[in-house]
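Visitor: whatever this is, show me its structure:
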Amino acid sequence: MRDNARVSLYRDEGIVLRTQKLGEADRIVTVLTRRTGRVRAAAKGVRKTRSRFGARLEPFTHVDLQFYERRSLDLITQAETLRPYGEPLVTDYPRYTAGTAMLETAERLTAEEKEPALRQFLLLLGGLRTLADGSHDPRLVLDAYLLRSLSVAGWAPALDECARCGSRGRLRAFAIASGGAMCGTCRQPGAANPAPPTFQLMLALLRGDWGHADDSEPRHRAECSGLVAAYLQWHLEHGIRSLRHVERGGERGPAGPPDPIAMDITVNEERV
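Guide: Reported below is the predicted structural model:
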């Protein structure tokens, strides 16, 4: 537990989001932690062959960490692996690319360093767990994670009622800038016109109805993915670069092995 008064050491568990080279042998490690939020910390000597815990600080890894608090970058002094989610993901292109998009989104949705983000941490942990066990289509897992994380951030799209007038039924369009689904009366020029089953799929993913999601048709999954990605990136105001590599509608992204970086979708680590 962390004492904000004077204690320089603190401990937290987290998920490694990405790493950057620092000097000749060190790295900067970005971690989304359970209690502290997003933390950027230095890891000394981890690029050396004899590093004590370099392999424990790879993206996708769920780790228990001890930090030494400093004025600039905190320092990672201990690292213990809780679960290496990267191991089952890096050998499977669809799951790997979905996972990288989740890591990038988690970092973007926790813009302030050391601001508590427990629900975002739990959503990411649940998403990686589901990708690793392979129980659902990776693109469905990613879309469910994106919708749930947007909801936690306060940007949940309207899916079962009109975003403008609140009426239910007869939803005919999806307007990103207006907040989601719209009825025929409120429909705006330029809005997308998804099929009714696409609305139902998006709502199932947001609510964690995996029975409905798993039975959905590929064309509705592809339409859902396009809308979710567009909605996410409109709110973030910048693109999620890793989304371009995610398989859509059965099409594979660029050939070649993935470049290492890092659902049950959860709020309380419960399967949904």
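Visitor: distance check, Arg241 against His235.
Guide: Using C-beta to C-beta, to the nearest Å, we find Arg241 at a distance of 16 Å from His235. Placement of C-beta: from N, CA and C, glycine included.
Visitor: what's the residue closest to the geometric middle of this structure?
Guide: Centre of the chain computed as the mean C-alpha position; nearest residue by C-alpha atoms, centre = their mean is Met102, 2.7 Å away.
Visitor: so which residues of the protein form helices?
Guide: Taking DSSP state H, the helices of the chain run over residues 86-89, 93-108, 118-133, 138-152, 196-207, 210-214, 218-236.
Visitor: okay if I get these as JSON lines plus distance to Val39?
Guide: Formatted as JSON lines, the entries for the helices of the chain read as follows, by distance: least, C-beta to C-beta, whole Å:
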{"stretch": "helix 86-89", "distance to Val39": "19"}
{"stretch": "helix 93-108", "distance to Val39": "11"}
{"stretch": "helix 118-133", "distance to Val39": "11"}
{"stretch": "helix 138-152", "distance to Val39": "18"}
{"stretch": "helix 196-207", "distance to Val39": "29"}
{"stretch": "helix 210-214", "distance to Val39": "32"}
{"stretch": "helix 218-236", "distance to Val39": "21"}
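Visitor: between the ones you listed, which gets nearest to Arg40?
Guide: Ranking the helices of the chain by their distance to Arg40 (criterion: C-beta to C-beta) puts helix 93-108 first, at 10.0 Å.
Visitor: so what's Leu73 up against?
Guide: Leu73 makes contact with Ile28, Arg40, Ala41, Ala42, according to C-beta atoms under 8 Å, 6 or more residues apart in numbering.
Visitor: shaky segments in the stretch 151-272 of the chain?
Guide: 247-272 (pLDDT under 70).
Visitor: neighbours of the spatially closest residue to Leu140 that is not a sequence neighbour, just the number please.
Guide: Take Leu140 and drop its neighbours on the chain: the residue closest to it by C-beta to C-beta, 6 or more residues apart in numbering is Ala213, 5.3 Å away. Ala213 has 24 neighbours, counted by other C-beta atoms under 10 Å.
Visitor: ok, now which ones touch Ala213?
Guide: With contact set as C-beta under 8 Å, 6+ apart, Ala213 has these partners: His136, Leu140, Ala144, Leu201, Ala204, Leu205.
Visitor: now Thr19: how far from Glu69?
Guide: Computed as C-beta to C-beta, the Thr19 to Glu69 distance reads 20 Å.
Visitor: list the contacts for Leu128?
Guide: Residues in contact with Leu128 (C-beta under 8 Å, 6+ apart) are Ile15, Phe60, His62, Tyr85, Leu89, Gly99, Met102, Ala262.
Visitor: residues in contact with stretch 217-233: which ones?
Guide: The contact list for stretch 217-233, computed with C-beta under 8 Å, 6+ apart, reads 105, 137, 139-140, 142-143, 146-147, 150, 157, 174, 176, 180, 192, 194-195, 197-198, 201-202, 205, 216, 239-240, 243, 246, 248-250.
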